[in-house]
Every structure is written in structure tokens, then in C-alpha cells.
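[1] how does the following fold in three dimensions:
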Amino acid sequence: MRVYLLVMLVAAAVTFLTTPFARWLATRTGAITAVRDRDVHTIPTPRLGGVAMLLGLTVAIVLASQMPFLEGVFVSDVDGVPIADTRAWGIVGAAAIVCVLGVADDIWDLDWMTKLAGQVLAAGLMASQGVVLFTLPVGGFQALPSSRVQLAVTILVVVVAMNAVNFVDGLDGLAAGLVAIGGTAFFLYSYALTLRTTPDDYSSLATLVVAALVGVCVGFLPHNFNPARIFMGDSGSMVLGLVISGAAIVVTGNIDPGETSGAERLPAFIPLLLPLAVILLPLLDMGMAVVRRLLAGKSPFHPDRMHLHHRMLALGHSHRRAVLILYVWTAVFAFGAVALVRWDARTVAIGLGIASVVALVLTLGPLRTRGRFLDDQDPRAAELPVATVTPAAPSAPTTGPVPAPGRAARPHPSTPTSAKES
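    Now for the predicted structure:
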């Protein structure tokens, strides 16, 4: 456990220390999120946080590859012959591809077909290195019939996971926090699974990757929580979705259908189904958005202000309260699933019911309309139309033209990049 915690700490430290560089890079390249009608933030904000996330992930995996304890992750023993296991590097390489794709999108605003093609390419690379889904939890455990079907389903799962995380990335600190919470639950489950299946070797690729991912999210959150100084952008959300889906696919290879009891099968595959991280909210938000837009005769990628986080704000919650309450819901789903490994279904159902009632009270109760608990730093911002809100930064007033709605533009030379952001 200590080795995995060290990897998590390294990933967090590298991400935290390199995020200012990513912010500087965003201001130099014009990767700035303009203020649009559907947005919650009130001033243009840099959005290349995914660069720092990729650096944190890469450094953590490279460090892990030098640890004797984790040698089994990078070298497989086949009939007594050591053979390099490239799955970890396949995940890192695929993450690099989607990060570059996201950076290009954050700067030049790519069309959806180009982004989809890049996502498929990254998922295909990861599959070519052995990160492949061989079974599905349909009627028990059903093996996929051929390598082509396995490849197609793997790519589909990875692409869905990337877009699910991207869809939920709408409030400061929301996506990073949800993945950190779901990833922590997944880490605990994967580590417990490793202890049970290989008691003589605690090295596990899934556990390693999730530990690094949780560290990346924790390191990024201080820069991204409200008021955010930088957004992760598509470069970050796609990296998070790809890495956690890769870890979920890997963990299916550690499950023996003949030895896994019914109580353990559900949590074993929930990370794959929801999607791949024991977090329900991103997939739920994406599914609702797609159905909503198709019924309205619009493209599934047409933006709107009806995501879960928008609905939380409409209920009367502040930006910070909305994020923290969504954290609570994620923890309920994630740790409720993992609890099935240790406790019987009845006990878990009772605990899950109590936790859900508490979360529901926090969501719909008096907290949303009374008091100032966890209000945003500037409560007046929520009362003003988004298009007319201006940042309050007496020491560094913002000047220069505001980018047109829906477009990212380079900051005006006279616009200070250190102005307070929200």
C-alpha cells in the first residue's frame, strides 16, 4: 500500500507544481475559455490543465517502473521467460494522444468528427498494447466472440468514458473531484482484489494506474476549485476518462468467473459500466443530455444549460455547494458499490438508503435557500446575467476586449493573467 501511496503523492506533487506552467502556456497560445451564455464562470479563464495532468501521470508511471515492488506490472513471466508488459505504456501513450488532441481543440476549436477520430485512434493504440475488454457482464460473464468484437467494444467503452467525463466538466473542481472520489473507491477495490487473487505479489497495473490518476486529480484541484485559476479543458477531461477506463478494462483480467462469488461480481464490473470508475454522475449526465437534445431535434453535441450542475445552480445552490453536493452523491454510489465486497447486500442496501436520504436532504433541503454556508466568494455574481458580470479585482483590473461568445481568443496584451478568476 505504501508504494501505491508514494506513486499517488508523486503524481499529485508533479501536477500541482506544473499547473502554473500549463496556465502560462494557455495564456501564450490563446487557449482561453470565453464567457458564453451557457457558462457559469464570469471572466475568460485559461484551460490547458490537462498538460499538467499528463505530466503528473507520466512521471508517476516512470517512477513506478523503477520500483522493484512493481516489477510485475512492467514484466510478465510467460513459461519462466520474462517478457515486457507494455500495457502501462499503452495507457500513457494513449493519454498523450488525447491530451495533444485536447490541446489542439482548446486552441483551435476542432470539429466533433476530428475529435472523435482522435479518440478512436487513442483507444485503438491502448488496445494494441493489450488493454482489451475480453468479457461483458451479460448473463454472468460472457466472453466476447472474436478479437474484432473485443477491439470494437473496447474502443466504444473508452470513447464513452472520455466523453462522459467531458460532459460533466462544467463547474470549478467538479470533474477532477468526481474522478478523485470514484477513483479512490476503485483503488480500494482493486487493491483488495489484488490481495485476494495474488497474495504472493501485490503489484497490480489497475491499482497503479488508479493511484496515479487520483494523485493527478488531487494535485490539480487546488488550482481548479472555485474560484478556478485554470480549467482542465478537453485535454484534461479526455485524459481522465481514458485512464480510468483503461484501468477498469485491465481489472477485468484479474477476475476469474469461476471463483468470483455473486456478491463480488457487481462491484467488479460497476467501474466498467458507470463508466469505468464507480462514478455514475458523468454517464448519467451524458445520457440525459444526448436524449434531451435528440428529442429536441438537435445534435447530441449541441451545448445547453441543462446539465446536472446547471440544475443544481437552478435549485438555488451556490457554485461551491453544488460541487460538494455532487461529490457526496458520487461518494454514495462509488463506496456503496465497493461495500458489496465486504458486507452482504442487505446491509449495503440499508446503508445506501440512509446515505441517499442524507444526500437528498442536502440537495433539496433548506441548505439551498437559507444561510450563507459555502457561498461563493462573490454572492452578487449569481444574481447578474453571465454576459454582464465583470471580475472584481481592484489590484489588477481587467481591460481589453472580451472574446466573442463561443470562441476562445488570445488575451489582449493589456489583460493581466493574474487577475482573480471565478
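
[2] make it CA atoms for all contacts and neighbour counts henceforth
    Noted.

[3] the helices in this protein, which residues?
    2-29, 49-65, 71-74, 87-108, 112-128, 147-168, 174-197, 205-224, 233-252, 262-273, 281-295, 308-314, 319-339, 345-364 (DSSP state H).

[4] figure out which of these is closest to Phe134.
    Taking CA to CA, helix 147-168 is the member of the helices of the chain nearest to Phe134, at 5.9 Å.

[5] and that closest one with helix 233-252, angle?
    Angle, helix 147-168 to helix 233-252, by axes from the mean of the first three to the mean of the last three CA atoms, to 10 degrees: 140 degrees.

[6] helices or strands up against helix 147-168?
    The contact analysis (3 or more CA pairs under 8 Å, 6 or more residues apart in numbering; DSSP states H and E) places helix 147-168 against helix 112-128, helix 174-197, helix 233-252, helix 281-295.

[7] cutoff 6 Å now
    Judged by 3 or more CA pairs under 6 Å, 6 or more residues apart in numbering; DSSP states H and E, helix 147-168 is in contact with helix 233-252, helix 281-295.

[8] mean pLDDT for those helices: which is lowest?
    When the helices and strands packed on helix 147-168 are ranked by mean pLDDT, helix 281-295 comes last with a mean of 68.

[9] contacting residues for the residue lying closest to Ala211 once chain neighbours are set aside?
    Leaving aside its chain neighbours, Ala211 sits nearest to Met8 (5.1 Å; criterion: CA to CA, 6 or more residues apart in numbering). Counting by CA atoms under 6 Å, 6 or more residues apart in numbering, Met8 touches Ala211, Ala212, Gly215.

[10] I'd like those residues as TSV, with distance to Phe21 and neighbour count appended.
    Below are the contacts of Met8 laid out as TSV (distance: CA to CA, whole Å; neighbours: other CA atoms under 10 Å):
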residue	distance to Phe21	neighbour count
Ala211	23	30
Ala212	20	31
Gly215	18	30
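
[11] out of these, the closest to Met126 would be?
    Ala212 (17.3 Å).

[12] residue contacts, Arg87?
    Per CA under 6 Å, 6+ apart, neighbours of Arg87: Gln129, Gly130, Val131.

[13] can you pick the most crowded of those residues?
    Neighbour counts for the contacts of Arg87 (other CA atoms under 10 Å) peak at Val131, which has 26 neighbours.

[14] low-confidence ranges in the stretch 51-200 of the chain?
    79, 137-142 (pLDDT under 70).

[15] give me the neighbour count for the residue lying closest to Val120 once chain neighbours are set aside.
    In this structure, Val120 finds its nearest non-sequential neighbour in Ile155, 6.3 Å apart by CA to CA, 6+ apart. By other CA under 10 Å, 23 other residues sit near Ile155.

[16] where's Ile155 relative to Val131, distance?
    10 Å (CA to CA, to the nearest Å).
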